[in-house]
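A.B. asks: based on what follows, work out the 3D shape:
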Amino acid sequence: MQEIVIDNAAAKKYKRKVFIAFIIFIILIASAVTAWRWLYYHQKDGGLFGGVQTPLRQVLNTNERLFSFTFNPDKKVKEYPKEYAVRHVKVNGDAGMSTDFFDPAKWKLQVVKSNGDTLLVTLDEIKKLPKTDVVFNFKCIEGWSQITWWSGVRFVDFAEHYGLDKEAQMKYVGMKTPDEEYFVGIDMPSVMQPQTILCYEMNGKTLPMDQGYPLRLIIPVKYGVKHIKRIGTIFFDNNKPPDYWALRGYDYYTGH
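C.D. replies: Alright, predicted model coming up:
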């Protein structure tokens, strides 16, 4: 039988490595817990960006600056043939879609100009403008996506028709529902991107009530939370307008 020889030096070296690895592991765990506690109990940003710790918001703001710098408003999102569009379109949220919505026939879009004047635009007036179809992969921050078909007037055409040249030079667009329960703030380059439409049809038919009738925003360069339904008011600002989900700690830019 072969005699087993134990190398004491090698055994000590192995034990030393195990001990060092254990110490490093404990240090890493302690550092992770300390960092988590520091972040969890860190002061949250207030005002326009409530609900998330300041360091996280700083990361989101840095991402926004990077995306904004590389964003090309002339580059289009991939589009598909209409037959690729799903028949049953998911409803991504119902905030601002109060059931006591007043008579839709009396609805008028309010457009607040930079000088304080307010334009009142009916749906029939909007439908008289050139119509554009957009068939694209609608993406939700919840992780799902669908190829969907929407129709309406390009925001850039709407702005040109109603003489919103001065407003188009501003940095942001704000939109809110008639009950003001849902609201978004969007950077101007994304709104003026040629695929962004004020939408009044889905799958070639009148926009359903739960999809934002009489008018909603379709903005393919953004995730679904920016596609506000049932637009009541549009306004313009050089400062970031309030945004429903940014107030709850989400990314303001929300591009993809």
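
A.B. asks: average pLDDT across stretch 229-243?
C.D. replies: In this model, stretch 229-243 has a mean pLDDT of 95.

A.B. asks: tell me the buried residues in the helix or strand of the chain with the lowest mean pLDDT?
C.D. replies: Least confident helix or strand, the chain: helix 54-70 with a mean of 75, by mean pLDDT, DSSP states H and E. By neighbour count on 16 or more other Cβ atoms under 10 Å, the buried set for helix 54-70 is 56, 57, 60, 64, 67. Every residue, glycine included, has its C-beta placed from N, CA and C.

A.B. asks: contacts for the very next helix or strand once past it next, please.
C.D. replies: For helix 54-70, the following helix or strand on the C-terminal side (DSSP states H and E) is strand 109-112. With Cβ atoms under 8 Å, 6 or more residues apart in numbering as the contact definition, strand 109-112 has outside contacts at 118-123, 126, 162, 164, 198, 215, 231-236.

A.B. asks: give me the angle between the helix or strand residue 30 falls within and helix 54-70.
C.D. replies: For residue 30, the host element (DSSP H and E) is helix 8-40. Counting by axes from the mean of the first three to the mean of the last three Cα atoms, to 10 degrees, helix 8-40 points 80 degrees away from the direction of helix 54-70.

A.B. asks: and helix 8-40, average pLDDT?
C.D. replies: Mean predicted lDDT for helix 8-40 stands at 80.

A.B. asks: top strand in the chain by residue count?
C.D. replies: Determined from DSSP state E, the single longest strand within the chain is strand 145-154.

A.B. asks: paired strands for that strand, with orientation please.
C.D. replies: strand 132-139 (antiparallel), strand 197-202 (antiparallel) (DSSP bridges).

A.B. asks: buried residues, the helix or strand that that strand is followed by. List them.
C.D. replies: Of the helices and strands lying after strand 145-154 in sequence (DSSP H and E), the nearest is helix 155-161. Neighbour counts using 16+ other Cβ under 10 Å place 155, 156, 157, 158, 159 of helix 155-161 among the buried residues.
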